[in-house]
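S.K.: my questions concern the predicted model and sequence given below.
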Amino acid sequence: MLKLSGVAFTGLVAAAMPFAIPLAAAGATTLGPHAASCQNGGPAVIARVNGLKARTGVVRVQLYTDNKATFLEKKQYVERVDVAATRSGAMDICVPVPKAGRYAISVRHDVDGNGKTSRADGGGFSGNPSVSISDLALKRKPDINRVAFSVGNGARVVPVTLNYIQGLSFKPVGA
């Protein structure tokens, strides 16, 4: 099991993508127990999760403040949402935020849904930072300034591409 500052985590994104896209471009059904928060215009994040290698298990989104000291630390998230993997397409997972401000998200795909991290699991962050195997081995967190984003009074779509351990690297499936 790989640990990143107290949070089990296995794969990170290697390619940069646009950081956030307008809510109007969302299109997919918003998932999760807080979906109404995103549809009713409350401050929220829609984590647009792409690149699942399997359509099994659970996708977990954790929302953090932009505080470097608490980012990725155990039990320091503001909100956590677990959703069963969908059969196809991007997963738009709604995460409410307590108020407008700066936040960061981490996403983990627990492929077998057992709640334990394994080499098969994947993950990513808002901002899709590039993270190497040595970053994971040395438990280096992505720079909070690279992964943080602003949320206003409405919902903000933040794309995250999942990455998985493939040989000696972390990359999206098929890359």
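M.R.: That came in fine, so what should we check first? What you see is a predicted model; the values in this text were computed from it and never measured. Numbers count the residues shown, from 1 in each chain.

S.K.: and the pLDDT at L23?
M.R.: We have a pLDDT of 41 for L23.

S.K.: burial count for K171?
M.R.: 20 (other CB atoms under 10 Å). For every residue, glycine as well, the C-beta is placed using N, CA and C.

S.K.: double-check it against N163; I have them as touching.
M.R.: Yes: counting by CB atoms under 8 Å, N163 is a contact partner of K171 at 5.5 Å.

S.K.: which residues of this protein fall in strands?
M.R.: Here the chain has its strands, by DSSP state E, at 3-4, 7-8, 30-31, 44-50, 58-65, 79-84, 91-96, 101-110, 122-125, 149-151, 155-161, 163-166, 169-171.

S.K.: quick one, which of these is nearest to V131?
M.R.: V131 sits nearest to strand 169-171 of all these, at 6.4 Å, using CB to CB.

S.K.: give the contact list for K99.
M.R.: Contacts for K99 (CB atoms under 8 Å, 6 or more residues apart in numbering) come out as P43.

S.K.: correction: S88
M.R.: Per CB under 8 Å, 6+ apart, neighbours of S88: R55.

S.K.: beta partners for the residue most central in space within the chain?
M.R.: Geometric centre of the chain, nearest residue: V107, 2.5 Å, by CA atoms, centre = their mean. Beta-bridge partners of V107, counted by DSSP bridges, are V61, G124.

S.K.: next, count neighbours for L138.
M.R.: Applying other CB under 10 Å, we find 9 residues neighbouring L138.

S.K.: surely D92 meets A44?
M.R.: No: using CB under 8 Å as the test, D92 is too far from A44 to be in contact (11.1 Å).

S.K.: overlap in contacts, those two.
M.R.: Contact criterion CB under 8 Å, 6+ apart; residues shared by D92 and A44: C38.

S.K.: what about S169, neighbour count?
M.R.: Using other CB under 10 Å, S169 has 13 other residues around it.

S.K.: verify the contact between it and I133 for me.
M.R.: Yes: using CB under 8 Å, S169 is in contact with I133, at 6.8 Å.

S.K.: what's the spacing between the residue nearest to the centre of the chain and G41?
M.R.: Separation of V107 from G41 (CB to CB, to the nearest Å) stands at 23 Å.

S.K.: do the same with I93
M.R.: I93 sits 17 Å away from G41, going by CB to CB.

S.K.: wait, A84 sits on V58?
M.R.: Yes: using CB under 8 Å, A84 makes contact with V58 at a distance of 6.0 Å.

S.K.: anything in contact with each of these two?
M.R.: G113.
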